[in-house]
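Undergrad: Quick one, fold the following:
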Amino acid sequence: MATLATLKKLSVTHPKSLSIHADIKAILPERDALALLKAGFTDCSWCNDSAPSYYSTQLSDDILIYVADDIDQDYNRLSDSITYYISAHNRDCMPTYSDISTAIAKAIELSE
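TA: Purely as a prediction, here's the structure:
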C-alpha cells in the first residue's frame, strides 16, 4: 500500500487533499502511487468527489485520473481491488483500467 511519504509527495501542491478519501488511498498500491508521481500527477481530491483524483499540469486541464475502490450499491467495500478511470472534458464516461500504466497512457493520449 502507498506509504504516507509517497502520498505526501503527491499532495504537495494541494496539501489539504492528503486526508480526503484516505480510506481509498490506504489501499492504493505503492507502485501505482509512485507511477502517478513519476508521470507528474498531483493529488487534487475533493471531498464531494466519489474517489481520489489526480491531474498533471503537463496534460489538458480537464483530464483527471480517479482511483476507485471496489464497492457495492450501498457503498460497502467488496475487496481491496483498485481500478482507475479517467474524466476527460468533464465526462466520467471512460472505461475503467486495472493498471495505472494503462490509465496514465490513456490520459496522455486524450490530452493530445
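Undergrad: residue ranges for the strands of the protein, please.
TA: 41-43, 53-56, 63-71, 77-88, 96-97 (DSSP state E).
Undergrad: Flag the shaky bits of the chain, pLDDT-wise.
TA: 90-94 (pLDDT under 70).
Undergrad: For Phe41, list each beta-bridge partner.
TA: Ser56 (DSSP bridges).
Undergrad: Let's have the strands of the chain in CSV, adding mean neighbour count and distance to Ala103.
TA: Just so you know, the C-beta spots here come from the backbone N, C-alpha and C atoms, and that holds for glycine as well. What follows is the strands of the chain, written out as CSV (neighbours: other Cβ atoms under 10 Å; distance: least, Cβ to Cβ, whole Å):
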stretch, mean neighbour count, distance to Ala103
strand 41-43, 23, 10
strand 53-56, 22, 10
strand 63-71, 20, 5
strand 77-88, 16, 4
strand 96-97, 15, 4
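Undergrad: Can you say which of those strands is nearest to Ile27?
TA: Closest approach to Ile27 among the strands of the chain (Cβ to Cβ): strand 77-88, 4.7 Å.
Undergrad: May I have that closest one as PDB, with CA atoms only?
TA: Extracted C-alpha coordinates of strand 77-88, given in PDB (Å, rounded to 0.1, in the frame of the first residue of the first chain):
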ATOM      1  CA  ARG A  77     -16.300  -2.300   0.200                       C
ATOM      2  CA  LEU A  78     -16.200  -5.700  -1.500                       C
ATOM      3  CA  SER A  79     -12.500  -6.100  -1.800                       C
ATOM      4  CA  ASP A  80      -9.200  -4.200  -1.700                       C
ATOM      5  CA  SER A  81      -9.100  -4.100  -5.500                       C
ATOM      6  CA  ILE A  82      -8.400  -0.700  -7.100                       C
ATOM      7  CA  THR A  83      -9.400   0.400 -10.600                       C
ATOM      8  CA  TYR A  84      -8.700   3.600 -12.400                       C
ATOM      9  CA  TYR A  85     -10.900   5.700 -14.600                       C
ATOM     10  CA  ILE A  86     -10.400   9.000 -16.500                       C
ATOM     11  CA  SER A  87     -12.500  12.000 -16.600                       C
ATOM     12  CA  ALA A  88     -11.900  13.900 -19.800                       C
END
